[in-house]
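> Based on what follows, work out the 3D shape:
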Amino acid sequence: MARIPPSDHPGFFGRILFAVATRMLGKTPTPMRVSAHHPGILRSTAFMEIGQQGAKSIPLALKLLCTVKVATIVGCPF
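Predicted coordinates:
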């Protein structure tokens with residue numbers, strides 16, 4: 001559980017990101033909702049994630065496998 005309560009009022013850019021995340025994952029991740037308290041942090045985190053998804057130096061299957069392994073190690077539900 002986050003120590004900072006998740007934001008329910010993310011602003012225009014945050015609402016767009018929340019809609020995309022909900023469509024992709026089925027729900028909005030709590031870290032995204034917490035970072036929505038500061039629009040600059042939310043925006044920079046979103047652009048970093050988009051950049052990592054667009055990187056072509058590593059095959060997509062390996063990226064997904066690494067994501068699942070790290071989530072398993074740290075106990076993340078996503």
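> how many neighbours does residue 18 have?
Residue 18 has 19 neighbours, counted by other C-beta atoms under 10 Å. (Each C-beta comes from the backbone N, C-alpha and C, glycine too.)
> My error: substitute residue 14 in the last question.
Look at residue 14: counted by other C-beta under 10 Å, it has 21 neighbours.
> mind listing what the nearest residue to it once chain neighbours are set aside touches?
Nearest residue to residue 14 in three dimensions, chain neighbours excluded: residue 36, at 4.6 Å (C-beta to C-beta, 6 or more residues apart in numbering). By C-beta atoms under 8 Å, 6 or more residues apart in numbering, the contact list for residue 36 reads 6-7, 9-11, 14, 18, 42.
> Counting only helices, which of these make the cut?
Among these, the ones falling in helices (DSSP state H) are 11, 14, 18, 42.
> rewinding a little: for ChimeraX, what selects the buried ones among the contacts of residue 36?
Here is the ChimeraX command that selects only those of the contacts of residue 36 that count as buried (16 or more other C-beta atoms under 10 Å):
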select :6,7,10,14,18,42
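> which of the contacts of residue 36 lies closest to residue 24?
residue 18 (10.9 Å; C-beta to C-beta).
> what's the spacing between the closest one and residue 70?
Distance, residue 18 to residue 70, by C-beta to C-beta, to the nearest Å: 23 Å.
> just to revisit the earlier point, got TSV for the ones in helices among the contacts of residue 36, with pLDDT too?
Formatted as TSV, the ones in helices among the contacts of residue 36 follow (pLDDT from 0 to 100):
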residue	pLDDT
11	84
14	87
18	89
42	89
